[in-house]
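Asker: How does the following fold in three dimensions:
(2 chains)
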There are 2 protein chains.
Amino acid sequence: MASLGSIEEEITKQSARYNELRLQPNGDPVALEEVRQKLGELKKTLGQAKAAAGGGKKKEERERLLLKTAKGTRDFGPAEMHCREHIERIVKDCFALYGGSCLDTPVFERKDILTGKYGEDQKLIFDLMDQGGEQLALRYDHTVPLARYLAMMGANVTQHKLWQVGKVYRRDQPVMSKGRMREFSQADFDIAGTWDPMIPDAEILSFLSTVLTKLDVGEFTIKLNHRKILDGIFEVCGVPADKIRSISSAVDKLDKLPWSEVKKEMTEEKGLDPAIADSIGEYVKHKGGPDLLEQLLGNTTLVANANAKQGLEDMGLLFKLLAAYNVVDKISFDLSLARGLDYYTGIIYEAIVEASAPPGFKANPDPSTSAAPSDNPPPPSKKKTKKPKQEGEEDEDEVDESQVGVGSIAAGGRYDNLVGMFTSAAASADSAKKAAKAGTPCVGVSIGLDRIFALLYPKWIEQGKRQKDTMVYVMAAGDGLLVERIKLVRELREAGVKSDYLAKTKPKLPAQFAAGEKDEVPFAIILGESELKEGLVTVKEQRWEMQDGKKVKLVTEGDDKGQKVSREGLVDWLKSRELWQKW
Amino acid sequence: MASLGSIEEEITKQSARYNELRLQPNGDPVALEEVRQKLGELKKTLGQAKAAAGGGKKKEERERLLLKTAKGTRDFGPAEMHCREHIERIVKDCFALYGGSCLDTPVFERKDILTGKYGEDQKLIFDLMDQGGEQLALRYDHTVPLARYLAMMGANVTQHKLWQVGKVYRRDQPVMSKGRMREFSQADFDIAGTWDPMIPDAEILSFLSTVLTKLDVGEFTIKLNHRKILDGIFEVCGVPADKIRSISSAVDKLDKLPWSEVKKEMTEEKGLDPAIADSIGEYVKHKGGPDLLEQLLGNTTLVANANAKQGLEDMGLLFKLLAAYNVVDKISFDLSLARGLDYYTGIIYEAIVEASAPPGFKANPDPSTSAAPSDNPPPPSKKKTKKPKQEGEEDEDEVDESQVGVGSIAAGGRYDNLVGMFTSAAASADSAKKAAKAGTPCVGVSIGLDRIFALLYPKWIEQGKRQKDTMVYVMAAGDGLLVERIKLVRELREAGVKSDYLAKTKPKLPAQFAAGEKDEVPFAIILGESELKEGLVTVKEQRWEMQDGKKVKLVTEGDDKGQKVSREGLVDWLKSRELWQKW
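Answerer: Residues are numbered from 1 along each chain as shown, chains lettered A, B, ... in the order given. Predicted coordinates:
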């Protein structure tokens, strides 16, 4: 029987392979299942081996280093990062297009800054160890640090449109394959300050539509609602004031659960009168566009409610501005949208794409046939997938991955009181009132960059995108000509040409070609001693194409042996080539 | 007497102002001193007020929220981030120029990954709280996570030139004004794998020289040494084997302390024979270029030592390659460079600029007059600056800021055994030996982005750089023409023109001009109702120049009243203007 060590080593290797396969967007399900089974067998063998060895692990084996990233986090390698950098560039360009300025806040905050902002999700905050000094915690989103910054700056804020890109942290149950992680990247755009009604709100929604279009995420819909309309509906339906937030969070689940289950939560768990639940159900089944707004304005009961009236007026103005922004067709005014976070005070929204929705959801449904929530198909039978647990990993609840969509790819809303919460909490009692009044109203959106990546990366692979943008690979025949290769690479780089060479003294020519081809470099430059004396180099042009899902190298016609080019005029020659223009 | 609350409020405000002033690169020392004094008075008043109130703070006052970032961290606002984004773009472009691929690792690692890698500095690691599950800690640098990634990937590494940009964390005593913080940004470039001797090392040094030149940090020097030469020197001088690392770390302090103090540490603290210390002193005073190498190769005692011989051979080869890379003039072969970290095994280096050196240091000294360390001027008399402590802040040692330079702006070296440490620690005993052998040799460099920023931002301000790149501000006279303004902004943005407008329904024209001027927008477009009917808009061109340290707006000659431009052809017209080309 193999040694404990070697079995465990094999398990580590196969686990890594399993995780790798599982994370591949176009992964082969057969290969995945094979590795899964192999892992199961190995673990059985390990158990037997341990029993045979007299039970229990030896101390030094227990203390062996586990070579893995922390739970719910992962590395992104070169191919993935090339795509992620592309995503980040598009988003940042879009921030600049809309007049945004960048803000950067620390990854951790004083714990009390985060306390009391996230409702029951506060338990998901990652705390830092108390090592003497301050109580610190990793940021949970970009919104609260932004509000803290605005409160600190007071009247000294130099720009009112602020963007942030960075990682945020939630100690949640990870579902890695769907891009739900403990460490994830968000890109936020916020407009702070007192402006005229609904103008910043419309600007943010236009930004969201533009950035999702530029990212090419596919067909998307921005679900839109207003907290005041929702509160008004609850009030006219007769929900007691102290139950409004908890009933609202039940409604928030309508994108994941059928109406019957949400109603059950309202009545059985939260003690709501079933008749009241039913009348809520009548309201929240509606979605549409400006037509729905007209319909609600005709509802005299609703319009008589102060909250609802204010919300409907806001929406009327908003739709007028959205028309000027030409984004009305991307919007679905959806009364079932509630959003979990406590701090929203006005419009709320969430962008979804068909691919990101849970099973049974259709993006951009025909508003004329808006289905009642109770028409949602029941969830498919639960098939629990349990991923193989590695040694030392903490116990975790099973997650039913079939029920987890990528979810919304962006979300946000208006939060007029969050900055004021900081100002008043920091002020002493006698000035608290003044400070709360002076709080800065804000509206903003967070884009889930990992979810965008989960959507775009499979397409990226399918289209056969390069992993890097190196343009030239410099090689040499015969004696290696190391110094000559270095000199040419240096000159090319000085001219801004992304260039590389093989870090060997006398490499064989095929090894150099292989290295250049791995990077899919369009220009291979070959140095020869006698040619160099004549002031010439040989250049081969090559490009790659996807054919039947595979990368195939194409050589420009008549270029099998390459072309002689003057070394002196090389850069100009390269820049004049059609292949150069392509990049 | 004012209330406790209002005094404390004022202290918070003045502290924020003090910190703000202190961090301004071109700050006014008089204003700073004024605020400092005012703070002192306020605190005295607060003490008296508390005494009068019967001593001690009330509970609710003690529990008030402290509106600040965590110790040793700070926000970067719009003007600063515009400069930092510029720095990051240059560095990333340079990574691509050298054929690098991006890697991204999580901000925290399993604690045991970081353990045993940083020598005595391990105490500076930030731990996360044990909330059930794994023991986690914030990454201390990018090198160890890279090595962990390489060990996990084994033979599956797809690229060998890897770069990382991100924040790292050290629980050190912060000196904010010099860019020494607990959270700071590093950009790393590493070459992994078995290549021919010194080629990746030369490539990294060429990269470092190129990126510092492109960043325009001013005159810089790359101090270069070799761990094996240093070890050889210690051996031939007679340092006992068990003292070599601790004597090496004493030598490492020669850039901050005069030789006399370093010698004292060697002899009095570490018990080294003074005669041995003196002969070390003779060696480490040398710096130069290939000439120094020749001189050392003539030293038969040194060349007889195996370590020294290997190191000198490496350096000979390296200088040959550096000549091909044309960077020899940036290099100072400096026998006093030791570097603190344990894991280096070959060449080590550190880039410094004159502005970043501690008092008395001159960058790029004439090698012909290389001064002995004992010739260094004594440090100026210690003038301790104690920054005002805010309520709730932990006690900290006083830091003598006059003795803290920005320090090295980039540093690195060869570390051939770090990846192997992971592979062997993760492997069971019987395969450990094999794994250690299979460890991947690496060489790399870390660029301190905060230190680069501390150097460049003052110049950036001095040159009057814009805070953002918005090109067009759309405004309207009279009735506001909100919908028309939105439509034009939308069309401009659709054409890729960075545009903005004032988020008010009927803003006054001067307010709109002021907003556009705040952003230093080169094109102000004014809409008028009757002009729009004729298909025309008015465009004013404006640019700003620094005159006597102040921004002055210049209007293009003959453009006081603006020019009438066809609304339809607006984008083409804008792009044809000289002012457009400027950006």
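Asker: CA atoms of the helix or strand containing A:Ser246 as CSV?
Answerer: A:Ser246 belongs to helix A:244-251 when assigned by DSSP states H and E. The C-alpha coordinates for helix A:244-251 follow below in CSV (Å, rounded to 0.1, in the frame of the first residue of the first chain):
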residue,chain,number,x,y,z
ILE,A,244,-42.7,47.2,6.8
ARG,A,245,-38.9,46.6,6.5
SER,A,246,-39.3,42.8,7.2
ILE,A,247,-42.1,42.5,4.7
SER,A,248,-40.0,44.4,2.2
SER,A,249,-37.2,42.0,2.6
ALA,A,250,-39.6,39.1,2.0
VAL,A,251,-40.6,40.8,-1.3
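Asker: near chain B, which residues of the stretch 451-583 of chain A show up?
Answerer: Counting by Cβ under 8 Å from any Cβ of the partner chain, the residues of the stretch 451-583 of chain A close to chain B are A:467-470, A:482-483, A:486-487, A:490, A:493, A:496, A:498-500, A:503-505, A:519. Every residue, glycine included, has its C-beta placed from N, CA and C.
Asker: Can I have the buried ones of those residues as a ChimeraX selection?
Answerer: Applying 16 or more other Cβ atoms under 10 Å in any protein chain shown to these, the buried members can be selected in ChimeraX as follows:
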select /A:467,468,470,482,486,487,490,493,498,499,500,503,504,519
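Asker: Of the residues of the stretch 451-583 of chain A next to chain B, which belong to helices?
Answerer: Among these, DSSP state H puts A:482-483, A:486-487, A:490, A:493 in helices.
Asker: Make TSV out of those and add pLDDT.
Answerer: Putting those into TSV (pLDDT from 0 to 100) gives the following:
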residue	pLDDT
A:Leu482	97
A:Val483	97
A:Ile486	98
A:Lys487	98
A:Arg490	98
A:Arg493	98
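Asker: Serialize these to TSV and add fields for distance to A:Thr69.
Answerer: Listed next are these as TSV, based on distance: Cβ to Cβ, whole Å:
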residue	distance to A:Thr69
A:Leu482	38
A:Val483	42
A:Ile486	37
A:Lys487	41
A:Arg490	37
A:Arg493	34
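Asker: From those residues, pick the one nearest A:Ala250.
Answerer: Lowest distance from A:Ala250 to these (Cβ to Cβ) belongs to A:Arg493, with 60.4 Å.
Asker: dump the residue contacts of that closest one.
Answerer: A:499, B:97-98, B:210 (Cβ atoms under 8 Å, 6 or more residues apart in numbering or on different chains).
Asker: which one among these gets closest to B:Tyr457?
Answerer: Closest approach between those and B:Tyr457, by Cβ to Cβ: B:Thr210, at 21.7 Å.
Asker: quick one: A:Glu541 is in a strand?
Answerer: Yes. Counting by DSSP: H, G, I helix; E, B strand; the rest coil, A:Glu541 is part of a strand.
Asker: which residues of the stretch 201-350 of chain A score low on pLDDT?
Answerer: Along the stretch 201-350 of chain A, the model assigns pLDDT under 70 to no residue.
Asker: Flag every residue of it that's near chain B.
Answerer: Counting by Cβ under 8 Å from any Cβ, the stretch 201-350 of chain A sits next to chain B at A:202-203, A:206, A:210, A:320-321, A:324-326.
Asker: any chance you could map the helices in the stretch 151-300 of chain A?
Answerer: A:199-215, A:227-237, A:244-251, A:259-264, A:274-284, A:290-297, A:300-304 (DSSP state H, counting those that start in this stretch).
Asker: For the longest one, list the C-alpha coordinates in PDB.
Answerer: Extracted as PDB, the C-alpha positions of helix A:199-215 are listed here (Å, rounded to 0.1, in the frame of the first residue of the first chain):
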ATOM      1  CA  ILE A 199     -31.100  64.400 -12.700                       C
ATOM      2  CA  PRO A 200     -28.200  62.600 -11.000                       C
ATOM      3  CA  ASP A 201     -30.400  59.500 -10.800                       C
ATOM      4  CA  ALA A 202     -31.000  59.600 -14.500                       C
ATOM      5  CA  GLU A 203     -27.300  60.200 -15.100                       C
ATOM      6  CA  ILE A 204     -26.400  57.100 -13.100                       C
ATOM      7  CA  LEU A 205     -28.900  54.900 -15.000                       C
ATOM      8  CA  SER A 206     -27.600  56.200 -18.300                       C
ATOM      9  CA  PHE A 207     -24.000  55.400 -17.100                       C
ATOM     10  CA  LEU A 208     -25.100  51.900 -16.200                       C
ATOM     11  CA  SER A 209     -26.700  51.300 -19.500                       C
ATOM     12  CA  THR A 210     -23.700  52.600 -21.400                       C
ATOM     13  CA  VAL A 211     -21.100  50.600 -19.500                       C
ATOM     14  CA  LEU A 212     -23.000  47.400 -19.800                       C
ATOM     15  CA  THR A 213     -23.400  48.000 -23.500                       C
ATOM     16  CA  LYS A 214     -19.700  48.700 -23.900                       C
ATOM     17  CA  LEU A 215     -18.800  45.600 -21.900                       C
END
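Asker: so how far is that helix off the chain centroid?
Answerer: From the chain centre to the centre of helix A:199-215 is a distance of 17 Å (Cα atoms, centre = their mean, to the nearest Å).
Asker: likewise the fourth one?
Answerer: Centroid separation between helix A:259-264 and its chain, computed with Cα atoms, centre = their mean, is 30 Å.
Asker: buried stuff in that helix?
Answerer: Buried residues in helix A:259-264 (16+ other Cβ under 10 Å): A:259, A:261-264.
Asker: ditto for the first one
Answerer: Across helix A:199-215, burial judged by 16+ other Cβ under 10 Å covers A:199-212, A:215.
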